[in-house]
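*Asks:* Sequence and predicted structure, then a few things I'm wondering about:
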Amino acid sequence: MANWSSIIFDDPTSGHSMLPRVVQVMQCIYTTVNPERPPPFTVDSWWHSVSLSYQVEESGREPSIVILNLREGESDEPIMNTHFMINLNTMRVHDKFRDYRFSAPQEILSVLTQLREYVKSVIQGRWEAKEAQNRETARRLEKEREEQRNRVQDFCHYLVEKGLIDEDDASHFSIDSLHCPVCSAKQTSCNMCRVISCSNSDCEVSSAIPIVRCSNHHNTAFCTSCLERPGSLPRLGKCPTCAHWFCSTELQWCIGRPVSNDGPGPSPQNIDLIRSHSARPLSCPYIACMDNSRESGKNGRRCCNTRCWSRVGTTTCPECITQDSFACPCGQYWTCGGCEPQASSASGILTCPGCHRRFCSSCSHIRACELCEHVEPCHDCIDDEKSVEVKHTMFECRGCRGLLCETCTDIDEKSCCRCDPSICKLCGYEEGNSVCDECGASMYQYDDDYMAYDDYL
C-alpha cells in the first residue's frame, strides 16, 4: 500500500500560499453543517488544524488521491481528531463524527480544485527535481567512465612503450576493463593524478608504474610522483624497519637540519629549505619497529628547545644532532645542539661554578637565586666540599618554595618573632612583628606576606 504524505496547516502566521484557501473551505464546511454556530476564525495547533494528505501514482508524477482533513482538538488534551474528510477527487465530504456523507458546497468547488492542483504541482516539482538529479548523476557517471577509458588507453600505450605488451594486445584490450592486461589482477590508481597500475605487487606492471598504499588505510594510494607535497611532509612514508607504507601523520619524521640556519630562531615551517637531508621517516607506530629503532640508535628525539628547527611537528635523527647537543643529568631535558646557544642565560641552562657541568633550569641537582641569578654549586660539588671554592649558602622559602642566596635573603634585617628563621624577600614585609608560615599555621593566622627561609641543605 502506498504511503501517505501530508501538508499540515496549523500556524496562522506561516504565510503559506494555500492557507487562506484552506481556511475558506473550513469555514464553509462548518457553516454548512451548523449555520447557527460561528465557524473557526483560522487554524491553530490546538483547536483547529487542516492537512492536505495525498498518495502518489506509481509514475511519481500525479497524485492518485487527495484528502483535505479538518481536525479538531480536545479541551483537556493536545490531540487532534479528524471531523471532516473532503475527497478532492470526488468532491464529497465525510462527517466522521456523525458518519454522514454529502457533496461539497458549490461555492468552494473552485477552491478545492485549486488545492488539488497545488498538490499536483508539488508532486510534479519533486518528480522534475528527481529527474534532473538523475540526469546529472548519469552525466557525471558517463564523464567518469569516459575519463576512465582515456586513462586505460594511456595505460596500455605506456605498457606498449615499456615492452610489457605488444600493439596487438593493446588493440584487443577492452577500454572498459578493470584488470591488468599482463596478469589479469585488479587495476589500482593514484588518488591524485588517477594514473593506473596493477594491484599485484609481483606483476612487472606494478614496478613500471609504482603506486604505494597505506597499510592502515587501504583506500589511500599515491603514485611516486604525487607523494611529495611542496612545503609539507610527503603524503605517505615507508617505515625503514618493516618496509610498510603509512600516512605521514602515523610516522616519526626528521625533516633535516637547515644548512643555512645560522640564527637562534626556528626555521620557517617549510621543509623545502636547503637541508642536510630530505624528509625521511624514522619509525612507524608499531611497537616492534619503535623498539628496533631505539635499539639501533636510529630513532628520533624530541628537542626540548622551543626555538628548534624541528619543532614543526617532527623529531631529530642522529645525523642531525651536532656536537654541542646537551642532555641534562636529570634526564628530562635534551637539545639537539646548534638550534640555540646552549651556554647563554637566555636558554635557561645553569653552569655549576665548581665542576662547570651544565644543567637545565628545572633540574633538582642545582639551584640558582631567583633574584640575582647567582648559581650555587651542584649537589655533587657540595658533597665533595674540597672541590667547592664558593661557600654554600642557599635558602628555600617554606611557603613559596622559592630560592634566594644569602645576600638576597637579608637574614639580618628581619626574622620570625617565634622561631627566628630568615625572612623571604620575595614574599614581602610588613611593619611590626613578622611570623613565618609554619608559625602562622600553628596560630591559625596564615598570611601570604610572611614567608621564612630555612637552610636548603
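*Replies:* It's in.
*Asks:* Let's check: the centremost residue of this protein is which one?
*Replies:* For the chain, the residue sitting closest to the mean C-alpha position, by Cα atoms, centre = their mean, is T249 at 12.8 Å.
*Asks:* residue contacts, the nearest residue to A221 once chain neighbours are set aside?
*Replies:* Leaving aside its sequence neighbours, A221 sits nearest to R213 (Cβ to Cβ, 6 or more residues apart in numbering; 4.2 Å). C-beta here means a position set from N, CA and C on the backbone, and glycine is covered the same way. Applying Cβ atoms under 8 Å, 6 or more residues apart in numbering to R213 gives the contacts T188, T220, A221, W245.
*Asks:* same thing but at 7 Å, please
*Replies:* T220, A221, W245 (Cβ atoms under 7 Å, 6 or more residues apart in numbering).
*Asks:* again with R302
*Replies:* So R302 contacts T315 (Cβ under 7 Å, 6+ apart).
*Asks:* could I get stretch 199-207 in CSV with only the CA atoms?
*Replies:* What follows is stretch 199-207 as a C-alpha-only set of coordinates in CSV (Å, rounded to 0.1, in the frame of the first residue of the first chain):
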residue,chain,number,x,y,z
SER,A,199,47.5,-4.1,-7.8
ASN,A,200,49.6,-7.3,-7.9
SER,A,201,52.9,-6.4,-6.3
ASP,A,202,54.6,-9.4,-8.1
CYS,A,203,53.5,-8.1,-11.6
GLU,A,204,56.1,-6.2,-13.6
VAL,A,205,53.5,-3.6,-14.4
SER,A,206,53.4,-2.5,-10.7
SER,A,207,57.2,-2.0,-10.9
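*Asks:* in that stretch, what's buried?
*Replies:* If you call a residue buried by 16 or more other Cβ atoms under 10 Å, then stretch 199-207 has these buried ones: S199, N200, C203, V205, S206.
*Asks:* For those, name the two members farthest from one another.
*Replies:* Using Cβ to Cβ, the buried residues of stretch 199-207 reach their maximum pairwise distance at S199 and V205, which is 9.6 Å.
*Asks:* R37: how many residues sit nearby?
*Replies:* 9 (other Cβ atoms under 10 Å).
*Asks:* Surely it is in a strand?
*Replies:* No. Going by DSSP: H, G, I helix; E, B strand; the rest coil, the assignment for R37 is coil, not a strand.
*Asks:* ok, for it, nearest residue in space, not its chain neighbours?
*Replies:* Y30 (7.2 Å).
*Asks:* How about G256?
*Replies:* R275 (3.3 Å).
*Asks:* any idea how far E128 is from that neighbour?
*Replies:* 59 Å (Cβ to Cβ, to the nearest Å).
*Asks:* more neighbours, these two?
*Replies:* Taking other Cβ under 10 Å, R275 and E128 do not tie; R275 has more neighbours (19 against 11).
*Asks:* Contact partners for the more buried one?
*Replies:* Per Cβ under 7 Å, 6+ apart, neighbours of R275: I255, G256, R257, P258, V259.
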